[in-house]
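# What shape does this take:
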Amino acid sequence: MKKLISGLIGLAILSLPVVTLAANVPTTLDDAVGRIVNPLFLVLVAISAVFIIYAAYTFVTSGGDPGKTETARTTLIYAIIGIIVAFLALALYNIFKAL
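Residues are numbered from 1 along each chain as shown. Prediction:
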């Protein structure tokens, strides 16, 4: 009996997010894509910022080693490219949204 009650309580707790999110179901394609693009943009910018900090740390601690300096430079370039891609994706979404 205890297992049944604890199982039902666990099921109720696990189903709460589904019930809560069901109230805000996107009605248009624009809303659905917007719910994906905006958080994805924030995640991409945050990851790129972390890699920029990592590249700066690698560059500062390289001690003049050409291999580590080149690794830091490459990491920094890829992080900047990641930020540019994130902003371009957001810009394209906003352009298509305005049409």
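# list the contacts for the most centrally placed residue in the chain?
Note on the chain: the residue nearest the mean C-alpha position is Val43, at 2.2 Å, using Cα atoms, centre = their mean. For Val43, no contacting residues are found, by Cβ atoms under 8 Å, 6 or more residues apart in numbering. Glycine gets a C-beta too; all of them are placed from N, C-alpha and C.
# How far does stretch 68-85 sit from its chain's centre?
Offset of stretch 68-85 from its chain centre (Cα atoms, centre = their mean, to the nearest Å): 18 Å.
# Could you do stretch 6-15 as well?
Using Cα atoms, centre = their mean, the offset of stretch 6-15 from its chain centre is 29 Å.
# For that stretch, C-alpha coordinates in CSV please.
Presented in CSV, the C-alpha positions along stretch 6-15 are these (Å, rounded to 0.1, in the frame of the first residue of the first chain):
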residue,chain,number,x,y,z
SER,A,6,4.4,6.8,-2.9
GLY,A,7,4.2,5.8,-6.6
LEU,A,8,1.1,7.9,-7.1
ILE,A,9,2.7,10.9,-5.3
GLY,A,10,5.8,10.5,-7.5
LEU,A,11,3.7,10.4,-10.6
ALA,A,12,1.8,13.5,-9.6
ILE,A,13,5.1,15.4,-8.9
LEU,A,14,6.6,14.3,-12.2
SER,A,15,3.4,15.2,-14.1
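# Check the model's average confidence along that stretch for me.
Averaged across stretch 6-15, the pLDDT comes to 74.
# Please enumerate residues in contact with that stretch?
Against stretch 6-15 from outside (Cβ under 8 Å, 6+ apart): no residues.
# Quick check: which element contains the residue nearest to the centre of the chain?
Per DSSP states H and E, Val43 falls inside helix 29-60.
# for the record, mean pLDDT for that helix?
Per-residue scores along helix 29-60 average to 89.
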